[in-house]
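> need a 3D model of the sequence below.
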Amino acid sequence: MAKFLPPKEFDFVPEKWLEWSSRWERYRVISKTDEEAEAYQVNCLLYTMGNDSESIMNSFTLNADDRKKYDKVKEAFDKYFSPRKYVIFERAKFFRRDQMPGETVEQYVRALNDIAGRCEFGDKRSEQMRDRIVVDILDTAVSREMQKMDVTALTEDVAINMARQAEQVDKNIKELSVNNRSAAADLLASSSCGTDRNFDGSIKDRKTAATDAVNARGRQKPNGGGKSKIRTAASSYDSSSKCKRCGYKTHTQDADEPSDDQLFLGAVEVGHCSKSWTKHVQVSGVKIPVRFKLDSGADVTIIPNQLCGNIAMTPSDRTLLEAGNSNIDVLGARQNAS
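Prediction:
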């Protein structure tokens, strides 16, 4: 037979008596203590409660026979620890209890039920529970939908199930959104050339206006005598040819000799970057803040032409390569102040 541990000693806080007493009664049944003599059950109760139970027991006005009867002793303890019920206060708490941000429907319903148990609503309890759920859930769309329903059809159980289902749907949508972003990242990573593509394989429009700044990093490649040079490649478009790396009929790829004047643009897209890795910065000469991806190892940072505004630039012969190793037209450069 399985052995069960009794509940921990009672801390003699009146508000916690009902909870502790319920645990004790459950233990009393599963341990078969309830099948023992009543005097034995009384002693088990006092021993499990702790030392202070003795002095409280002595304060009871029970005769010698009643002190050996479990039901009489338990009833005396129930009266001793039963807190006064402040029904008006508990109802005020009930009617002010809204669903908190971050609180699930399940947690909200449990908390509401706990307060309702002290409000003495009687046969109106289910009705009151339903009304609070309709009015005070965070999902206002579901709340409006419930309010349109016939009051006889909208029971407490129906309201709870509607709120739970809406919460689960929102959770599923968020999960799918996260999975889609992961799939997009995997699609970019799986391409040898790293070409920025849509899901159907077509290349994204490179001329689309953007308010994002993109970092370019020199991609290092070992060179003969151990000296590292920046990797480069020449790219040209031929609709009849396939890329040797990714197999798409969008461009061809030919290796070129390394050059110190070329940098590879490693960031294909920053639209899906975590916000913790980006920062809006006010650039001198640009009217609106520009969102920069934070990359302390970047060699250069580029911004779209339409955001350059009145920025003073100097001519640059530096070559930038984007994903797919296509050249990026550089209008000019501005050296950061040291």
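
> and D329, how many residues sit next to it?
Using other Cβ atoms under 10 Å, the number of residues around D329 comes to 6. C-beta: built from backbone N, CA, C; applies to glycine.

> A333 now?
A333, neighbours per other Cβ under 10 Å, totals 13.

> ranges for the helices of the stretch 1-150 of the chain?
17-30, 38-49, 52-59, 70-81, 87-96, 105-116, 125-136, 140-147 (DSSP state H, counting those that start in this stretch).

> helices or strands up against the fourth one?
Contact here means 3 or more Cβ pairs under 8 Å, 6 or more residues apart in numbering; DSSP states H and E; on that basis helix 70-81 packs against helix 17-30, helix 38-49, helix 52-59.

> among those helices, which is the most enclosed?
Compared across these, helix 38-49 shows the largest average neighbour count, a mean of 17 (mean count of other Cβ atoms under 10 Å).

> list the contacts of that helix.
6-7, 9-10, 24, 27-28, 33-34, 36, 53-54, 57, 67-71, 73-74, 77 (Cβ atoms under 8 Å, 6 or more residues apart in numbering).

> what about 10 Å?
With contacts defined as Cβ atoms under 10 Å, 6 or more residues apart in numbering, helix 38-49 is touched by 6-12, 17, 20-21, 23-25, 27-28, 31, 33-37, 52-54, 56-57, 67-74, 77.

> shaky segments in the stretch 201-338 of the chain?
Across the stretch 201-338 of the chain, residues meeting the criterion (pLDDT under 70) sit at 201-277, 284-288, 295-298, 306-310, 323-324, 335-338.

> quick revisit: R144 is nearest to which of the helices and strands packed on helix 70-81?
Of all those, helix 17-30 sits nearest to R144, with 37.5 Å by Cβ to Cβ.

> other SSEs contacting the closest one?
helix 38-49, helix 70-81 (3 or more Cβ pairs under 10 Å, 6 or more residues apart in numbering; DSSP states H and E).

> mind putting those helices in TSV, mean pLDDT included?
What follows is those, written out as TSV (pLDDT from 0 to 100):
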stretch	mean pLDDT
helix 38-49	95
helix 70-81	93
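
> please convert those helices to CSV, extending it with distance to T155.
Below are those laid out as CSV (distance: least, Cβ to Cβ, whole Å):
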stretch, distance to T155
helix 38-49, 40
helix 70-81, 33
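
> closest one to M162 among those helices?
The nearest among the helices and strands packed on helix 17-30, by Cβ to Cβ, is helix 70-81 at 38.6 Å.

> give me the angle between that closest one and helix 52-59.
Here the directions of helix 70-81 and helix 52-59 differ by 100 degrees (axes from the mean of the first three to the mean of the last three Cα atoms, to 10 degrees).

> helix 70-81 vs helix 38-49, what angle?
Using the same axes, to 10 degrees: helix 70-81 against helix 38-49 is 30 degrees.

> tell me which of the helices and strands packed on helix 70-81 sits nearest to Q147.
Closest among the helices and strands packed on helix 70-81, using Cβ to Cβ: helix 17-30, at 35.3 Å.

> could you give the average pLDDT over that closest one?
Regarding helix 17-30, the rounded mean pLDDT is 94.
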